[in-house]
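Colleague: Please work out how this folds:
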Amino acid sequence: MRIFFSLFFLAFPILLFSQVNSAKEIDYNSKYNASDSIKKKKAPVATIDMYQFISVDRDTTYIDTTQSIKKEYSYNYLRKDIFGLLRFTNVGQTYNTLQYGINGFSPYPEFGFTAKQFNYIKANEIKYANVATPVTELYFKTTILRGQSADSYFTLNTSPRLNFSIAYRALRSEGRYINQEARTGNFRFTTSYNTKDGRYVANAHYTSQKIQNEENGGISNVSDFENGDPSFDNRARLGVYFEDAMSLLKGNRVFVDQAFRVNGKKGANNLYVTEQFNYENIHFNYSQQTIASSVGGNQVFRYGESFVTSGINDETKYNKMYNKLGLMYENTTLGTFIFFADDLRSNYYYNKILYFDNNVIPNLLSQTINTIGGQYNYRKDKWNGKFLYSKSVTDQNLSNLDASAQYDINDENQISFRYQNMNKLPNNNYNLYQSSYKAYNWSNDFQNEKINAISVNATTKWVSLSLQLNSIKDHLYFADITTATERNEGKQIVAPAQYGKAINYASLKVAKEFVFGKFALDNTLLFQKVDQSNSILNVPEFVTRNTLYVSDYFFKKKLYLQTGIELNYFTSYYSDSCNPLVGEFFVQDKVKIGNYPNLDFFVNTRIQRTRIYLKAEHFNSLFSKNNYFSAPDYPYRDFLIRFGLVWNFFN
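Modeller: Okay, the predicted model is just below:
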């Protein structure tokens, strides 16, 4: 902490008074300023809309170096607002889900191990750049005990038609509990190209990602944490189930998205040929040297009997190749019509076939899925709409209907609707899994999940509303199948299951900020209700985030400061628990968590293009009861002071 404050006070005058009138200084309230010297020729002016970030769906945003409360919410390891997610004890660990559907839906079968993929960057999360001058962004934030979190990004256009970017996100955080260290690395490389006449456009990226977590399985005696005994204020004294277990998720991806216009000159009617290619290779490994855990002086075999006496090394491998070929007709009046066919080939596999207790567990789940479909896009005046339908032509009964429309009343008021009807194939780890633990081996043939989802969103200058209605049939989940005898022995056995009855889910999210001069109160409230015969889909009925803060300029408006208190709260409920062996959360009905406030105090400043963050996380834990958990057996974070910055450079 002393080092931070020393560096801050040394850098403060430099950041505050340097680069006042440089030739390419940036004024984000208007445009890029040239030098005010009358003897020099003015540099070309580059406006903000010349610094673009484009998604694979061609949605465009612009670079933003302002400081706002929204930036405070997204200043975290995932680099996005995590309302609806509950962080685990250490940085780089998983997140519990407080809001159903927050991660979206896909009809295709995925690898699985979803608890390990919150910080695994998906293909549709990659942004492609188009910038007037080279851009660099540096992100840094302290972690828990030894370690740091950093994200470095650099992009440039070698010409108006060719862009490259390279980025690397890295983390190391030791954590306060035994065997909890997290190490991650996410490398990204992108390139974008278009011909001078705009006839050919291509976006491509390569990623290499590694997410490594020491796994302690949670604390073995929860009462030691809850009773407030000062001897356990040093969290490393709390007993845990595993002291040498580790999980590792690694993946590499090559992705190309390209389009070629058939007609030589763009006009009112255009015909394009499109192609998308995605090859991905993912590997999940769970290792554990010592099988037996010591709990209260007794030996506990947490996951039951094992084929081996030591040195567990469970390895699951997966690769997929996806090709999508489309024909797109564009009319400036009618909109865009797309017809496509895709081919998905995947292999989910292990190194051996298992034979035990009259069971045969195969080593391979290989799939070939072909679908055909159409899409209609309309964007004109104040309307923006999309209608997509696809259906498999192979044996799998896969289908997806996705219709949405948005109406922009004006710059401050928009309303949108969306309807999805999906026949979703199960993730691979529901149907096949092998482990050195005998109870964790299965081969299933589950039915498809049927999901109907309706959402309505309204963004106005008065309030923002989001209504979601879902109906789910044949819902897949991981269930706690531990018997009473096994539970008394400290065991935890989970397995995939399917719920044949209907589940109806409704949620309403309301967001409103009240501003009183320099003071503001930002509020986000989520109300949820689930109608089901059994407690399968469990979420808290109420989640809220309320932030009271003050903003002001200092030093002739060279320094902008925001400081305030953030409250996070959710009602108690039977939270899903985490099983690191299968890398998934599972449904349980024994332990409730929630009904405690989480208070953070923050001070954020902006000096030109540098944003500095200082935060006292969960400071009320200093005087509250120890009743805060992220999941059963996994306490939430204790009080911690963290700091960091985001710094943008423009050359």
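Colleague: For stretch 142-161, C-alpha coordinates in CSV please.
Modeller: Listed next in CSV are the C-alpha coordinates belonging to stretch 142-161 (Å, rounded to 0.1, in the frame of the first residue of the first chain):
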residue,chain,number,x,y,z
THR,A,142,-4.3,-5.7,-7.5
THR,A,143,-5.5,-9.1,-6.5
ILE,A,144,-5.7,-11.0,-3.2
LEU,A,145,-2.3,-11.4,-1.4
ARG,A,146,0.5,-12.1,-3.9
GLY,A,147,-0.3,-11.5,-7.5
GLN,A,148,-1.8,-9.0,-9.9
SER,A,149,-4.4,-8.7,-12.7
ALA,A,150,-3.4,-7.0,-16.0
ASP,A,151,-4.9,-6.6,-19.5
SER,A,152,-2.8,-5.0,-22.3
TYR,A,153,-4.4,-4.2,-25.7
PHE,A,154,-2.8,-2.6,-28.8
THR,A,155,-4.3,-2.0,-32.2
LEU,A,156,-3.3,-0.1,-35.3
ASN,A,157,-4.4,0.3,-38.9
THR,A,158,-1.5,-0.1,-41.4
SER,A,159,-3.9,1.4,-43.9
PRO,A,160,-7.5,2.5,-43.9
ARG,A,161,-8.4,-1.1,-45.0
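Colleague: Okay, buried residues for it please.
Modeller: Within stretch 142-161, the residues that qualify as buried by neighbour count (16 or more other C-beta atoms under 10 Å) are 142, 143, 144, 147, 149, 151, 153, 154, 155, 156, 157. C-betas here are computed from N, CA, C, even on glycine.
Colleague: with those in mind, which one is nearest to residue 347?
Modeller: The shortest gap between residue 347 and any of the buried residues of stretch 142-161 belongs to residue 151, at 32.2 Å (C-beta to C-beta).
Colleague: pretty sure the closest one is in a strand, no?
Modeller: Yes - under the criterion used here (DSSP: H, G, I helix; E, B strand; the rest coil), residue 151 sits inside a strand.
Colleague: surely it meets residue 187?
Modeller: No - distance between residue 151 and residue 187: 11.2 Å, which falls outside the contact criterion (C-beta atoms under 8 Å).
Colleague: Confirm residue 56 sits in a helix?
Modeller: No - secondary structure assignment (three-state DSSP) places residue 56 in coil, not in a helix.
Colleague: Once you drop chain neighbours, what's closest to the residue nearest in space to the middle of the chain?
Modeller: Nearest to the geometric centre of the chain sits residue 118, at 4.5 Å (C-alpha atoms, centre = their mean). Distance criterion C-beta to C-beta, 6 or more residues apart in numbering; nearest residue to residue 118, sequence neighbours excluded, is residue 95 at 5.1 Å.
Colleague: correct me, but that neighbour touches residue 86?
Modeller: Yes - if you go by C-beta under 8 Å, residue 95 and residue 86 touch, sitting 6.1 Å apart.
Colleague: Tell me the buried residues in the helix or strand containing residue 414?
Modeller: Counting by DSSP states H and E, the secondary-structure element that holds residue 414 is strand 413-424. Along strand 413-424, the positions that meet the burial threshold by neighbour count (16+ other C-beta under 10 Å) are 414, 416, 417, 418, 419, 420, 421, 422, 423, 424.
Colleague: Which of these lies at the shortest distance from residue 103?
Modeller: The shortest approach to residue 103 among those belongs to residue 424, at 13.0 Å (C-beta to C-beta).
Colleague: any idea how far that closest one lies from residue 430?
Modeller: The span separating residue 424 from residue 430 equals 11 Å under the rule C-beta to C-beta, to the nearest Å.
Colleague: now residue 257
Modeller: When residue 257 is compared with residue 430 (using C-beta to C-beta), they lie 29 Å apart.
Colleague: what's the answer for residue 604, then?
Modeller: Counting by C-beta to C-beta, the separation of residue 604 from residue 430 is 43 Å.
Colleague: can you check residue 399 too?
Modeller: For residue 399, the distance to residue 430 under the criterion C-beta to C-beta works out to 19 Å.
Colleague: helices and strands around the helix or strand that contains residue 276, which ones?
Modeller: The secondary structure element spanning residue 276 is strand 269-290 (assigned by DSSP H and E). Contact here means 3 or more C-beta pairs under 8 Å, 6 or more residues apart in numbering; DSSP states H and E; on that basis strand 269-290 packs against strand 245-261, strand 310-331, strand 335-349.
Colleague: how does it look with 10 Å?
Modeller: With contacts defined as 3 or more C-beta pairs under 10 Å, 6 or more residues apart in numbering; DSSP states H and E, the secondary structure elements packing on strand 269-290 are strand 200-215, strand 245-261, strand 310-331, strand 335-349.
Colleague: List the buried residues in the shortest one.
Modeller: If you call a residue buried by 16+ other C-beta under 10 Å, then strand 335-349 has these buried ones: 335, 336, 338, 340, 342, 344, 346, 348, 349.
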